[in-house]
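>>> heads up, no residue letters with this:
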């Protein structure tokens, strides 16, 4: 889409770590930390309640990463955390398998108080992100309640029960995005996708992070209909996930565990598949789905690698490419 | 009241620090930490909401002191506290004049979650106290919402606004116990007062701690009607408060700042006034109100002094005295 700005507008659909890192890359690659150019639309299917507090793991991972206060080693939470409250919660008889640091708790306390006050999650997120100095726009895909439920051989469990408590060891037999069917996109989500020059599907888990986001009515259609260039970055590199259970989930749901398997999922949704150099041999098979292919180094690592990948994805879009 | 137990049953009406210390004394003086003998009925007029969390300062001070985990220097909060969450709350733009430690926060998080779940404050308090190993029975005077409002020269303010934020520097022109008129005593409160051998009004602030407790319909009448021996310990010693603004509040509300002024307030409610050795000269004037007088060391200090005062108050009651 042509734009009056000097830089392309980017809408990034993101889950947790992979989405956060690529968001960080775009924030570095775009002017003013992405203040006017970057909207990150984030999955909320992982959201949960712990000790009466609403926790939004993916939003927080993206927020902390953009604010450059996240714990990069773990991929979640804040740098230099302590656990005094959690230890005391355990003493008070609470189940503390979901780790919450003392600083991180402040986020959940503020979020919960404001949600109970009647503020929508998008407004609360904007407040928190601004307080932490995030310049890009961070949007939950919806202000409504969506909760991913995971069917495992031992029954249906809530997402964090599967992911954290059971360390994603169960086979995933099916997924339900509870609440998604009646959810409405948060204000700005569809507009950001429509107005973007580039829509990017982050290298997040296709089923656990991207699907619950696309399941919110209107979002998938907006991606399909946008005049923007649309690119998906494969979270599978050399047949393995960079982080998390993407490989196991693809496999247990009957999909090929490769960038080709991911491309098959995203065919019809995006124009371009971005795959890693090690998967260069898959470029031709992927092109058979009608997709363009960009082959590059997709394992981002630190800030430099994130920015480099973002710049690669920005090549050929925006004013210069319009 | 005669009892089938080998020890006297005590109902202690308490605010924060003074009540907590005397409760601790009774817990030490009575069998099994007061497990069957001691009920502490606590003021909730100081309760407040901070960052969406319900804080019950007096209940917590009593609970932490009984559990021997309280910060004895400050008189509130827990030993060895850290403030990582509070610092982060400040970074997120929250007003943090009300100090909340990381461990202390666990109490408020659990309390808030359970209250929102529909549990009454008395049940939540019992859960928390048991988790911390408290043996005595700890009861909020009511499960209903009572909030002390303070009229100052600059207007009416919430209790913690007066007490913490403004460091109780304002003259107290009047007090309102919002919600008290329609509040019901928590389960067990009236029963404990009726069944006690000894009802003790702690050396707490008569207007800020004891009045809001007696303002719950039924409580004052229960103290008036109980067959128990009833004793009040003066929080004013040598014309000064041991801690807090009791002296200023008595003065600004037009009362004499002395054990005699306190005795005048409690005449008709209790049988015995317990005053400090330094106030021995006030014993005869106090007797003129029809009160018995016990003169002893009332400044409790550490555990030994607390236990000694409790034993002094227990003298002559219970099975031995029946």
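Sure thing, it's come through. Fair warning: this is a prediction, and the values are worked out from it, not measured in the lab.
>>> low-scoring stretches of the stretch 1-150 of chain A, by residue?
Counting by pLDDT under 70, the stretch 1-150 of chain A has low-confidence residues at A:1-5.
>>> try it again with 80
Along the stretch 1-150 of chain A, segments meeting pLDDT under 80 span A:1-6.
>>> Next to chain B in this structure, residues from it, please.
Proximity of the stretch 1-150 of chain A to chain B is assessed by Cβ under 8 Å from any Cβ of the partner chain, with A:51-53, A:78, A:81-82, A:84-89, A:91-94, A:101-107, A:109-110, A:112-114, A:116-117, A:127-128, A:131-132 identified as the residues in range. The way it works is simple: take the backbone N, C-alpha and C, and place the C-beta from them, glycine included.
>>> Among those, name the buried ones.
For the residues of the stretch 1-150 of chain A next to chain B, burial is judged from neighbour counts taken by 16 or more other Cβ atoms under 10 Å in any protein chain shown, and it is met by A:51-53, A:78, A:81, A:84-86, A:88-89, A:91-92, A:94, A:101-107, A:109-110, A:112-114, A:127-128, A:131-132.
>>> could you pull out the helices for the stretch 101-250 of chain A?
Taking DSSP state H, counting those that start in this stretch, the helices of the stretch 101-250 of chain A run over residues A:102-116, A:121-131, A:159-160, A:189-195, A:211-214, A:219-225, A:246-252.
>>> Tell me which of those helices is the most buried.
Mean neighbour counts were taken over the helices of the stretch 101-250 of chain A using mean count of other Cβ atoms under 10 Å in any protein chain shown, and the top value, a mean of 26, falls to helix A:211-214.
>>> picking that back up, of the helices of the stretch 101-250 of chain A, which is nearest residue A:43?
Using Cβ to Cβ as the criterion, the shortest distance between residue A:43 and the helices of the stretch 101-250 of chain A is 4.6 Å, found for helix A:211-214.
>>> so what does the closest one touch, helix or strand wise?
In terms of contacts (3 or more Cβ pairs under 8 Å, 6 or more residues apart in numbering or on different chains; DSSP states H and E), helix A:211-214 is packed against strand A:174-178, helix A:219-225.
>>> which residues touch residue A:165?
For residue A:165, the contacting residues are A:97-98, taking Cβ atoms under 8 Å, 6 or more residues apart in numbering or on different chains as the criterion.
>>> Need the pLDDT of it.
The pLDDT attached to residue A:165 in the predicted structure is 90.
>>> how far away is it from chain B?
Using Cβ to the nearest Cβ, to the nearest Å, we find residue A:165 at a distance of 18 Å from chain B.
>>> Can you give me every residue that contacts residue A:204?
A:13-19, A:43, A:210, A:235.
>>> Could you check the pLDDT of the residue of the stretch 151-300 of chain A found nearest chain B?
Going by Cβ to the nearest Cβ, chain B is nearest to residue A:160 of the stretch 151-300 of chain A, at 16.2 Å. On the pLDDT scale, residue A:160 is placed at 90.
>>> Do I have it right that residue A:219 meets residue A:191?
No - the pair residue A:219 / residue A:191 is not scored as a contact, 11.8 Å apart, by Cβ atoms under 8 Å.
>>> Please name the bridge partners of the residue nearest to residue A:294 when sequence neighbours are not counted.
Ranked by Cβ to Cβ, 6 or more residues apart in numbering or on different chains and with sequence neighbours excluded, the top spatial neighbour of residue A:294 is residue A:274, at 4.4 Å. Residues in a beta bridge with residue A:274, per DSSP bridges, are residue A:233, residue A:294.
>>> neighbours around residue A:274, how many?
Here the number of neighbours of residue A:274 (other Cβ atoms under 10 Å in any protein chain shown) works out to 24.
>>> Let me see the contact set for it.
Contacts here follow Cβ under 8 Å, 6+ apart; on that basis residue A:274 touches A:231-234, A:293-296, A:298, A:312-313.
>>> which among the residues you listed end up buried?
A:231-234, A:293-295, A:298, A:312-313.
>>> returning to what we had before: mean pLDDT and distance to chain B added to the helices and strands packed on helix A:211-214, as JSON lines?
What follows is the helices and strands packed on helix A:211-214, written out as JSON lines (pLDDT from 0 to 100; distance: least, Cβ to the nearest Cβ, whole Å):
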{"stretch": "strand A:174-178", "mean pLDDT": "96", "distance to chain B": "20"}
{"stretch": "helix A:219-225", "mean pLDDT": "98", "distance to chain B": "29"}
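>>> Which one, of those, ends up nearest to residue B:268?
By Cβ to Cβ (comparing all of those), the closest turns out to be strand A:174-178, at 61.1 Å.
>>> how about the strands in chain A?
Along chain A, counting by DSSP state E, strands occupy A:10-14, A:38-42, A:48-50, A:53-55, A:137-140, A:147-152, A:155-158, A:174-178, A:198-201, A:229-233, A:236-237, A:240-241, A:272-276, A:292-296.
>>> Any chance of CSV for the ones you listed, columns distance to residue B:63?
Supplementary listing: the strands of chain A in CSV, determined by distance: least, Cβ to Cβ, whole Å:
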stretch, distance to residue B:63
strand A:10-14, 44
strand A:38-42, 40
strand A:48-50, 23
strand A:53-55, 22
strand A:137-140, 38
strand A:147-152, 35
strand A:155-158, 32
strand A:174-178, 38
strand A:198-201, 51
strand A:229-233, 53
strand A:236-237, 53
strand A:240-241, 47
strand A:272-276, 57
strand A:292-296, 59
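>>> burial of the residue in the stretch 201-322 of chain A that chain B sits nearest to, as a residue count?
Relative to chain B, the nearest point of the stretch 201-322 of chain A is residue A:303 (21.9 Å; Cβ to the nearest Cβ). Using other Cβ under 10 Å as the criterion, residue A:303 is surrounded by 16 other residues.
>>> so it touches residue A:28, yeah?
Yes - shown here, residue A:303 and residue A:28 form a contact pair, counting by Cβ under 8 Å, at 6.3 Å.
>>> sorry, back to before: and the residue of the stretch 201-322 of chain A closest to chain B, what's its pLDDT?
Looking at residue A:303 specifically, the model assigns a pLDDT of 93.
>>> Okay, it and residue A:20: tell me how far apart.
Distance, residue A:303 to residue A:20, by Cβ to Cβ, to the nearest Å: 12 Å.
>>> try residue A:235
When residue A:235 is compared with residue A:20 (using Cβ to Cβ), they lie 13 Å apart.
>>> One more: residue A:142?
For residue A:142, the distance to residue A:20 equals 19 Å [Cβ to Cβ].
>>> In space, what's closest to residue A:149 - neighbours in sequence excluded?
Sequence neighbours aside, residue A:176 is the residue nearest to residue A:149 in space, at 4.3 Å (criterion: Cβ to Cβ, 6+ apart).
>>> Look at the one you found and say how many residues are nearby.
Applying other Cβ under 10 Å, we find 15 other residues in the vicinity of residue A:176.
>>> List the residues that contact it.
Contacts here follow Cβ under 8 Å, 6+ apart; on that basis residue A:176 touches A:148-149, A:151, A:156.
>>> who wins for most neighbours among those residues?
Among the contacts of residue A:176, where neighbours are counted by other Cβ under 10 Å, the top count belongs to residue A:148, at 27 neighbours.
>>> from memory that residue sits against residue A:175, does it?
Yes - contact between residue A:148 and residue A:175 holds when scored by Cβ under 8 Å: they sit 6.2 Å apart.
>>> any common contacting residues for those two?
A:208, A:212.
>>> ok, now how distant is residue A:66 from residue B:132?
The gap separating residue A:66 from residue B:132 is 40 Å, by Cβ to Cβ.
>>> again, but for residue A:144
As for residue A:144, its distance to residue B:132 is 39 Å (criterion: Cβ to Cβ).
>>> do the same with residue A:192
With distances taken as Cβ to Cβ, residue A:192 is found 49 Å from residue B:132.
>>> can you check residue A:147 too?
Counting by Cβ to Cβ, the gap between residue A:147 and residue B:132 amounts to 33 Å.
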